[in-house]
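*Asks:* generate coordinates for the sequence data below:
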Amino acid sequence: MLVAGVAVPATAAAARPASRPSSFTISGSLSSVAIASARSAWAVGCAGNCFSASGRTLIARWNGSTWKRVPSPSPARGVLAGVTALSARSAWAVGCAGNCSSGSGTTLILHWNGTAWQRVPSPAIARSTLDSVAAVSATDAWAVGSAGTTHPRTLILHWNGKTWKRVPSPSPGFSGLRSVAAASARSAWAVGCSFTNDSQCTDVILRWNGATWKRVRGPAPPASNLNSVAALSSRSAWTVGLAGTGGGTWISHWNGRTWKRVSSPNPRGFLYFLSGVAASSARSAWAVGSYATASRDGSLILRWNGKSWKKAPSPGGSLAGVAASSARSAWAVGSTSSGKTLILRWNGTSWK
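*Replies:* Numbers count the residues shown, from 1 in each chain. Modelled structure (predicted):
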């Protein structure tokens, strides 16, 4: 997906592992994963060539034993970037419909009613896209992204149980939002990046206090791009992304008062970036992304053990989203180097 004119991987959530690994592999890529229950999880993305007219929305469901593709409304060049699940009978998926790669698409919102995925009307905003969605209840959900291409602005939509409506949001410079997470009806976060006059992208962190969205200062020096946010409570949240123009992992933590950068693995000679983050407790969290060297690239997985972030062994490919239901159960999604969907499972011991 495109945010503020920059191509960045999409984002985020998961389920308890089954007795055997998933084997869901088709042409395309997955951007986000969410859990409804131990036997019901969702992964969304794009099937085929996501940046051509052949690209179509892709939704896969975990039934407790296997991942299977399920039908989804797919307008021309439909791409899904975010998914969230309230229950086995209620889930949301968001993305872009139309020529999204050129920035001329429009918002796309789908809802799962327990039987089928259906498109739900959203505000008609030209040249807009949605990258993430989070739900607190059946009458309280958020979707974020960007509107406009030449002069992009932050875009935040709210679901009140009947309709999706745009709400005012701070938009410093030329801005776009990549991820949203809600801890409660009075506490939510949205993150992304803002372009200044020198074309440098710096972090944007917005907070919902129950009445308005306001910008919150992040750590200094700022991240160059924030791709994902996860909220455990009003006093604990994580953000991940890219550090500096040369690239590198960036992780910061909200302690209820301020955001502080937390040290993360960043070996020299590698281009690292983080695309997704998920936390199941104060002592267990995951961050996923990718790395690249002159000779190879692959997926990146970092684990928080309550004290520090450490690199975990991971297969190849590129990871965009992650979700964790406990310290022993998590899913991560993305794509392989050959352009196939990729789903990894954490079984409490290793990723497979």
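
*Asks:* tell me the pLDDT of residue 27.
*Replies:* With respect to pLDDT, residue 27 scores 93.

*Asks:* so what's it bridging to?
*Replies:* Residue 27 has these beta-bridge partners by DSSP bridges: residue 340.

*Asks:* try residue 177
*Replies:* residue 192.

*Asks:* that one: neighbouring residues, count only.
*Replies:* 30 (other CB atoms under 10 Å). The C-beta positions use only the backbone N, C-alpha and C, and glycine is treated the same way.

*Asks:* which residues touch it?
*Replies:* Listed by CB atoms under 8 Å, 6 or more residues apart in numbering, the contact set of residue 177 reads 3, 131-132, 144-146, 154-156, 169, 190-192, 204, 206.

*Asks:* what of residue 241?
*Replies:* 178, 191, 193, 203, 223-228, 250, 273-274.

*Asks:* returning to what we had before: closest one of the contacts of residue 177 to residue 264?
*Replies:* residue 191 (16.2 Å; CB to CB).

*Asks:* quick one: pLDDT of the closest one?
*Replies:* 98.

*Asks:* just checking, it touches residue 175?
*Replies:* No. Counting by CB atoms under 8 Å, residue 191 stays clear of residue 175, with 10.8 Å between them.

*Asks:* and for the two, which residues touch both?
*Replies:* With CB under 8 Å, 6+ apart, residue 191 and residue 175 have common neighbours residue 204.

*Asks:* CA atoms only for stretch 200-217, dumped as PDB, please.
*Replies:* C-alpha atoms of stretch 200-217 as PDB (Å, rounded to 0.1, in the frame of the first residue of the first chain):
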ATOM      1  CA  GLN A 200      12.300  13.700   5.200                       C
ATOM      2  CA  CYS A 201       9.600  11.500   6.600                       C
ATOM      3  CA  THR A 202       9.200  11.700  10.400                       C
ATOM      4  CA  ASP A 203       6.900   9.900  12.800                       C
ATOM      5  CA  VAL A 204       3.300  10.900  13.500                       C
ATOM      6  CA  ILE A 205       1.700   9.600  16.700                       C
ATOM      7  CA  LEU A 206      -2.000  10.400  17.400                       C
ATOM      8  CA  ARG A 207      -3.900   9.600  20.500                       C
ATOM      9  CA  TRP A 208      -7.700   9.300  21.000                       C
ATOM     10  CA  ASN A 209      -8.700  10.500  24.500                       C
ATOM     11  CA  GLY A 210     -12.400   9.600  24.200                       C
ATOM     12  CA  ALA A 211     -13.300  13.000  22.600                       C
ATOM     13  CA  THR A 212     -10.600  14.100  20.100                       C
ATOM     14  CA  TRP A 213      -7.500  12.900  18.300                       C
ATOM     15  CA  LYS A 214      -4.400  14.800  19.300                       C
ATOM     16  CA  ARG A 215      -0.800  14.500  18.300                       C
ATOM     17  CA  VAL A 216       1.600  13.200  20.900                       C
ATOM     18  CA  ARG A 217       5.300  13.700  20.900                       C
END
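
*Asks:* that one: which residues count as buried?
*Replies:* For stretch 200-217, the neighbour count (16 or more other CB atoms under 10 Å) marks 201, 202, 203, 204, 205, 206, 207, 208, 213, 215 as buried.

*Asks:* what's that stretch in contact with?
*Replies:* 4, 6, 142, 154, 156, 167-170, 172, 175, 177, 182, 185-196, 218, 222-226, 239, 241, 245, 258-259.

*Asks:* okay, and for the protein, where does confidence drop off?
*Replies:* Residues of the chain meeting the criterion pLDDT under 70: 1-23, 51-54, 76, 101-103, 196-199, 245-246, 268-269.

*Asks:* from the geometric centre of it, which residue sits farthest away?
*Replies:* Within the chain, residue 295 marks the point farthest from the mean C-alpha position, 27.9 Å out by CA atoms, centre = their mean.

*Asks:* next secondary structure after the helix or strand where residue 202 lies?
*Replies:* Per DSSP states H and E, residue 202 falls inside strand 201-208. For strand 201-208, the following helix or strand on the C-terminal side (DSSP H and E) is strand 213-215.
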